[in-house]
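Trainee: Give me a 3D structure for the following:
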Amino acid sequence: MKILLIGYGKMGQTIAGLAASRGHEIAGIVDHQTSSQRIEDFTPGQVDVAIEFTHPEAAYANVAACLRQGLPVVCGSTGWLHHFEEASQLAQETNGALFYASNYSVGVNLFFHFNEYIAAKMNQFAAGYDVEMTEIHHIHKVDQPSGTALTAAEGILANFPAKTAWRNAPAEAPHELAVLSERRGEVVGTHEVRYVSSADTIELRHEAHSREGFALGALLAAEWLPGRHGVFGMKELLGL
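Mentor: Residues are numbered from 1 along each chain as shown. Modelled structure (predicted):
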């Protein structure tokens with residue numbers, strides 16, 4: 001498979017190394033710091049799929065350029081979802097393929113699945129428990145809270161009606177879900193959900209040890225996407 005990498009930071013470099021070990025070819029790299037190539041320089045005949053990991057301010061333009069070029073695109077950038085409906089509409093208009101996940105780790109997506117299940121079960125005892133979240137990342141991460149934390153928060157809000165909004169700070173009202181963000185050193189990513197009552201505490205936690213799990217998930221999505229049309233995510237890929 002021929003892959004166009006858009007963004008060549010830590011994730012792009014990890015994906016490139018893992019792609020080679022899986023027998024794939026990096027057909028090009030679009031990165032404003034390391035390359036003069038543009039997305040418009042590549043066609044479906046040269047590239048099977050694009051993988052985009054850049055920054056919130058660049059992600060939508062990159063996704064749109066891929067869709068207009070007829071390139072299936074796997075996007076891992078977070079912090080741009082205010083443009084997601086536009087991207088979905090463009091995918092429909094171009095009969096293209098967009099795969100988006102806030103986190104490509106298979107383990108994290110199982111965490112999302114279990115998070116929704118636990119929230120629904122805990123809702124039966126909502127009078128006795130409160131819930132909050134913590135996310136911890138490296139000091140270079142731009143968006144806050146993380147896209148992964150937002151996905152987990154949405155899963156709680158959808159299944160635990162006592163919470164109707166999230167807040168990136170300690171909760172000030174009972175209906176608010178506190179999503180607490182910390183930035184430490186080179187932490188890859190840790191997410192915790194805690195249900196606390198006067199009697200006990202129940203925690204669901206995912207801690208990433210390296211970026212390889214994210215890179216593998218992005219490559220699995222890239223291997224799965226070509227030939228499909230529409231907007232997809234990890235639930236479709238993993239059958240959750």
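
Trainee: switch to C-alpha atoms for all contacts and neighbour counts from now on
Mentor: Will do.

Trainee: helix, strand or coil for the closest residue to residue 147 other than its chain neighbours?
Mentor: Nearest residue to residue 147 in three dimensions, chain neighbours excluded: residue 102, at 5.0 Å (CA to CA, 6 or more residues apart in numbering). For residue 102, the secondary-structure state derived from DSSP: H, G, I helix; E, B strand; the rest coil is coil.

Trainee: quick one: residue 102 and residue 145 touch, right?
Mentor: No. The pair residue 102 / residue 145 is not scored as a contact, 11.5 Å apart, by CA atoms under 8 Å.

Trainee: how's this protein carved up into domains?
Mentor: As given by automatic domain parsing, the domain ranges for the chain are 2-100+212-238, 106-208.

Trainee: any chance of those in a markdown table, plus mean neighbour count and mean pLDDT?
Mentor: Below are the domains of the chain laid out as a markdown table (neighbours: other CA atoms under 10 Å; pLDDT from 0 to 100):
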| stretch | mean neighbour count | mean pLDDT |
| --- | --- | --- |
| domain 2-100+212-238 | 18 | 94 |
| domain 106-208 | 17 | 94 |
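
Trainee: on that earlier part again, look at the residue nearest to residue 147 and report its pLDDT.
Mentor: The score at residue 102 is 83. That number is its pLDDT.

Trainee: could I have the helix or strand where residue 57 lies exported to PDB, CA atoms only?
Mentor: Using DSSP states H and E, residue 57 maps to helix 56-69. The C-alpha trace of helix 56-69 is given here as PDB (Å, rounded to 0.1, in the frame of the first residue of the first chain):
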ATOM      1  CA  PRO A  56      -5.800  21.700  15.000                       C
ATOM      2  CA  GLU A  57      -5.400  24.800  12.900                       C
ATOM      3  CA  ALA A  58      -4.300  22.800   9.800                       C
ATOM      4  CA  ALA A  59      -6.300  19.600  10.100                       C
ATOM      5  CA  TYR A  60      -9.500  20.600   8.300                       C
ATOM      6  CA  ALA A  61      -7.700  22.200   5.300                       C
ATOM      7  CA  ASN A  62      -5.600  19.000   5.000                       C
ATOM      8  CA  VAL A  63      -8.600  16.700   5.100                       C
ATOM      9  CA  ALA A  64     -10.500  18.800   2.600                       C
ATOM     10  CA  ALA A  65      -7.600  18.900   0.200                       C
ATOM     11  CA  CYS A  66      -7.300  15.100   0.400                       C
ATOM     12  CA  LEU A  67     -11.000  14.600  -0.300                       C
ATOM     13  CA  ARG A  68     -10.900  17.000  -3.200                       C
ATOM     14  CA  GLN A  69      -7.900  15.100  -4.600                       C
END
